[in-house]
Every structure is written in structure tokens, then in C-alpha cells.
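A.B. asks: Sequence first, then the predicted structure:
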Amino acid sequence: VQLVESGGGLVQPGGSLRLSCAASGFTFSDYAMSWYRQAPGKEHEGVSCISHNDDSTWYEDSVKGRFTISRDSAKQTVYLQMNNVKPEDSGIYYCAQCGVGDDYDGWGQGTRVTVLA
């Protein structure tokens, strides 16, 4: 399994970012995929999940209405569109299959999002 996240950066509150995660090493279309956020000193927290066939999504309450998850199975890529970002959205964002625990051993390098306070 290889997961390569990109698209993070510095952004002002109210701004937008689009994160991408390129996946390989497994049958991407068979798996629901998630974005996770890790704040300093904290565990990975699920932010959003999209079903394997793109017919359902889940969002953590604090990002509902602001973030949109999507996937392109042909490109084996999952995206997270982040709009109206807030300082509390800051952290390192990772993608992985939905439902993995903090002890998952396949984490990629993540992409850092910093929303300026």
C-alpha cells in the first residue's frame, strides 16, 4: 500500500485548499477511503469518508458544509476540497481506507495544512 498526499499549505481563515491522495498497491475501487487529520500531540482523527462506489459520504460534524470528499477511481485518487477553513482545521492530513485505527502501519507522509489564526 502506498498513499501519497499533497495540496496542503498555508491559508487564511475563510480560504480554500484542495488536497489530493494518490493510492497504489491495492484495488482502490474496492475500498471506502477517508481523510484523517492529526493535530500536534493527538491521534489521527477521521474527517471524512467516501464509499467505494462513490454513493455515500460521511463528514465529521465540524467540517460538514465546508469540506467535500470525492474520488476518481480511474486515477486511484481521493480528494478533499476544503472551503471556508478555520484555524482548528490545521494539522497534517492523511488518507487511508475508512475505519483504520491510529496504529495503522500504512500511513503516508501526509500533507500539512496551516490555517493562520
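C.D. replies: Here it is on my side, so go on.
A.B. asks: separation between the residue positioned nearest the centre of the chain and Cys98?
C.D. replies: Residue closest to the mean C-alpha point of the chain, counted by CA atoms, centre = their mean, is Trp35 at 2.5 Å. As defined by CB to CB, to the nearest Å, Trp35 lies at a distance of 10 Å from Cys98. All C-beta atoms are positioned from the backbone trio N, CA, C, and that covers glycine.
A.B. asks: picking that back up, if I read this right, the residue nearest to the centre of the chain contacts Gly91, doesn't it?
C.D. replies: No - with contacts counted by CB atoms under 8 Å, Trp35 stays clear of Gly91, the gap being 10.7 Å.
A.B. asks: mind listing what the residue nearest to the centre of the chain touches?
C.D. replies: For Trp35, the contact set (CB atoms under 8 Å, 6 or more residues apart in numbering) comprises 19, 21, 46-49, 69, 78, 80, 93-95.
A.B. asks: before we move on, what SS does it have?
C.D. replies: Following DSSP: H, G, I helix; E, B strand; the rest coil, we place Trp35 in the strand state.
A.B. asks: what do you get for Glu88?
C.D. replies: helix.
A.B. asks: for it, what are its contacts?
C.D. replies: For Glu88, counting by CB under 8 Å, 6+ apart, the contacting residues are 62, 115.
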